[in-house]
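**Q** Predicted coordinates and the sequence they were generated for:
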Amino acid sequence: MMRKTFNTTAVCIPGEHYMVDISGRLQKIKEMIDAKKYFTINRARQYGKTTTLQALFGYLQSEYYTVLLDFQTFDASKFKDGNIFSIAFAGSFLHALKRNRLSENTALEKACADLKNAAVISNSIFSLKELFECLRDICAASDKPIVLMIDEVDSASNNQVFLDFLAQLRAQYIERAWQPAFQSVILAGVYDIKNLKQKLRADEEHKYNSPWNIAADFTIDMSFSQAEIAAMLNEYAKDYGLAFDTKVFAGWIYDYTAGYPFLVSRLCQLLDEKVCLMPEYASKKAAWTKDGFNAAVRLLLQEKNTLFESLIGKLHAYPKLNRMLKAVLFSGNMYPYSADEAAIDMATMFGFIKNKDGYVAIANRIFETRLYNYYLAEDELQKNELYKASLQDKNQFITNGRLDMELVLQKFIVHF
């Protein structure tokens, strides 16, 4: 039988990948669905949003029909106007609805056929109004409440059609006391809808006037706890017959990542697939040690991956954010944490910073170290004479790849 692996690309599949147990999160999300909430899961990239939605699909099957769509599958032409979008949405909706174990229901079958026919026969005039009328009929005919989930809503962020679509969802939500509607609507992406609105409309009058203002707050923690990481490592250790202390290891991983899902999985993946092949380790048993963990951290900090590329890309795109992070790291500046400040709000949304006792702090040690490395490599710092001197002197403080802290302190005393 093929063993599971650690996965850091696309969705995690329970039968194929080592995963933390997210059933507690799914139950909390279901409670919001039971309460008929419409909401957005906006978290940083590679934070487990897609995996959570896929898991929800199965978790809700006994009580709901779940329609899971991905706006990344809609090419740019599908957002050209309401007519084209509505036809594309109708086709994807019906296809996704069939993924459920549908009961024999003549009324539902007819309502679905009516939507399909309306999109085909009334092709030229079929738009958002007609789409949502048909969707109401489907909700009315269904023998189970329907939950609509849309992943990668960022893919629709630069067009008016998406705003019009949100406005229709909002109208459906407001009118649901007397008209059939979806039980719940979940939109997932990095940007919350307020920020999508900012990208679409620059004028102040509409800047924060989002049609998604009916959304409930989503406050469920999606990071991995130390206990959850340890449970995942227990399964891995059992599969490979390893005897390392999973609780201690989970503590090291959490200390460096603060539970950021991609970083947790990537460190485990590097230990399992790369560190164990290094000559100084040459086995999984030797890799899953303190030295092996440190080697995995070094590999992670040196590699190029989509998360780090996103981090550095945002520094270039948002100069104010760049200046703030640099000042926090190199000058020790204390910035009061205010979600109303655009740079702070943006950095939090991307998962780069956190609120620590009311002040801005880098989200985890991995990001902190990567940012230090980035700033130290910048031309202006490389030209700095003090930095050049430190480069010349630094080798004396390294012994067998380790920092000789006692010598550092001795030289510190001599210098001052």
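**A** Nice, thanks for sending it over.

**Q** Kindly provide the distance from the residue nearest to residue 338 when sequence neighbours are not counted to residue 332.
**A** Leaving out its chain neighbours, the residue that sits closest to residue 338 by Cβ to Cβ, 6 or more residues apart in numbering is residue 344, at 5.8 Å. For the C-beta atoms, the positions are set from N, CA and C on the backbone; glycine is no exception. When distance is defined by Cβ to Cβ, to the nearest Å, residue 344 is 17 Å away from residue 332.

**Q** Could you check which of these two is surrounded by more residues?
**A** Neighbours were counted for residue 344 and for residue 332 using other Cβ atoms under 10 Å; residue 344 has more, 20 against 7.

**Q** a strand runs through the more buried one, doesn't it?
**A** No. Read with DSSP: H, G, I helix; E, B strand; the rest coil, residue 344 is helix and lies in no strand.

**Q** Identify the residues contacting it.
**A** Counting by Cβ atoms under 8 Å, 6 or more residues apart in numbering, residue 344 makes contact with 324, 335, 337-338, 353, 360.

**Q** Can you give me the separation between it and residue 359?
**A** 10 Å.

**Q** if we can go back for a sec, quick check: helices, which of the contacts of residue 344 are part of them?
**A** Counting by DSSP state H, these place residue 324 in helices.

**Q** Filter the contacts of residue 344 down to the buried ones.
**A** 324, 335, 337, 353, 360 (16 or more other Cβ atoms under 10 Å).

**Q** Inside strands: which ones of the residues you listed?
**A** Among these, DSSP state E puts 353, 360 in strands.

**Q** Closest one of the buried ones among the contacts of residue 344 to residue 173?
**A** Minimum distance to residue 173 across the buried ones among the contacts of residue 344 is 31.4 Å, recorded for residue 337 (Cβ to Cβ).

**Q** The closest one is in contact with residue 347, isn't it?
**A** No. Residue 337 lies out of contact with residue 347 (Cβ atoms under 8 Å); the separation is 10.3 Å.

**Q** got any residues that touch both of these two?
**A** Common contacts of residue 337 and residue 347 (Cβ under 8 Å, 6+ apart): residue 360.

**Q** which residues of the stretch 251-400 of the chain fall in strands?
**A** 353-356, 359-362, 398-399 (DSSP state E, counting those that start in this stretch).

**Q** wait, what's in contact with residue 48?
**A** 12, 22, 222, 261.

**Q** And the buried ones among the contacts of residue 344, which two are furthest apart?
**A** Greatest spatial distance in the buried ones among the contacts of residue 344: 324 and 337, 11.4 Å, computed using Cβ to Cβ.

**Q** and residue 113, how many neighbours?
**A** For residue 113, the neighbour count with other Cβ under 10 Å is 11.

**Q** helix, strand or coil for it?
**A** Relying on three-state DSSP, one would call residue 113 helix.

**Q** Now residue 86, what are its backbone angles?
**A** Main-chain torsions, residue 86, degrees, to the nearest 10: phi -60, psi -40.

**Q** For it, give me the pLDDT.
**A** Listed pLDDT for residue 86 reads 96.

**Q** just for the stretch 1-150 of the chain, where's the confidence low?
**A** Along the stretch 1-150 of the chain, the parts satisfying pLDDT under 70 run over 1.

**Q** From the contacts of residue 344, pick the one nearest residue 67.
**A** Nearest member of these to residue 67, counting by Cβ to Cβ, is residue 353, at 34.9 Å.

**Q** Identify the residue nearest that closest one in space, chain neighbours excluded?
**A** Residue 353's closest residue in space is residue 347 (Cβ to Cβ, 6+ apart), at 4.4 Å.

**Q** what number of residues lie near that neighbour?
**A** So residue 347, with other Cβ under 10 Å, has 26 neighbours.

**Q** Distance of it relative to residue 252?
**A** 26 Å.

**Q** And for residue 54?
**A** Residue 54 sits 29 Å away from residue 252, going by Cβ to Cβ.

**Q** you'd agree the residue nearest to residue 353 is up against residue 325?
**A** Yes. Counting by Cβ under 8 Å, residue 347 touches residue 325, with 7.2 Å between them.

**Q** joint contacts of these two?
**A** By Cβ under 8 Å, 6+ apart, residue 347 and residue 325 have these common neighbours: residue 353.

**Q** domains of this protein?
**A** 23-206, 226-302, 306-415 (automatic domain parsing).

**Q** Which of those domains sits closest to residue 214?
**A** domain 23-206 (5.0 Å).

**Q** And the contacts of stretch 273-285?
**A** With contacts defined as Cβ under 8 Å, 6+ apart, stretch 273-285 is touched by 6, 240, 242-244, 272, 286-287, 291-292, 295-296, 299.

**Q** Okay, buried residues for it please.
**A** 275-276, 281, 284.

**Q** residue closest to the middle of the chain?
**A** Against the mean C-alpha coordinate of the chain, by Cα atoms, centre = their mean, the closest residue is residue 47 at 3.0 Å.

**Q** Surely that residue is in contact with residue 265?
**A** No. Assessed by Cβ under 8 Å, residue 47 is found out of contact with residue 265, at 11.1 Å.

**Q** Now do the shared contacts for residue 324 and residue 337.
**A** Common neighbours of residue 324 and residue 337 (Cβ under 8 Å, 6+ apart) are 344, 360.

**Q** And for residue 73, the neighbour number?
**A** Residues near residue 73, counting by other Cβ under 10 Å, number 12.

**Q** Could you find the closest non-adjacent residue to it?
**A** residue 92 (7.3 Å).

**Q** any idea how far residue 75 is from that neighbour?
**A** Note on residue 92: its distance to residue 75, by Cβ to Cβ, is 12 Å.

**Q** Among the two, which residue is more densely surrounded?
**A** Between residue 92 and residue 75, residue 92 has the larger neighbour count (other Cβ under 10 Å), namely 19 against 9.

**Q** buried stuff in the host helix or strand of residue 118?
**A** Element membership for residue 118 (DSSP states H and E) is helix 106-121. Using 16+ other Cβ under 10 Å as the test for burial, helix 106-121 gives 108, 111-112, 115, 118-119.

**Q** what's the answer for stretch 178-192, then?
**A** Quick answer for stretch 178-192 (16+ other Cβ under 10 Å): 180-192.

**Q** Widest-spaced pair of the residues you listed?
**A** 180 and 190 (31.7 Å).
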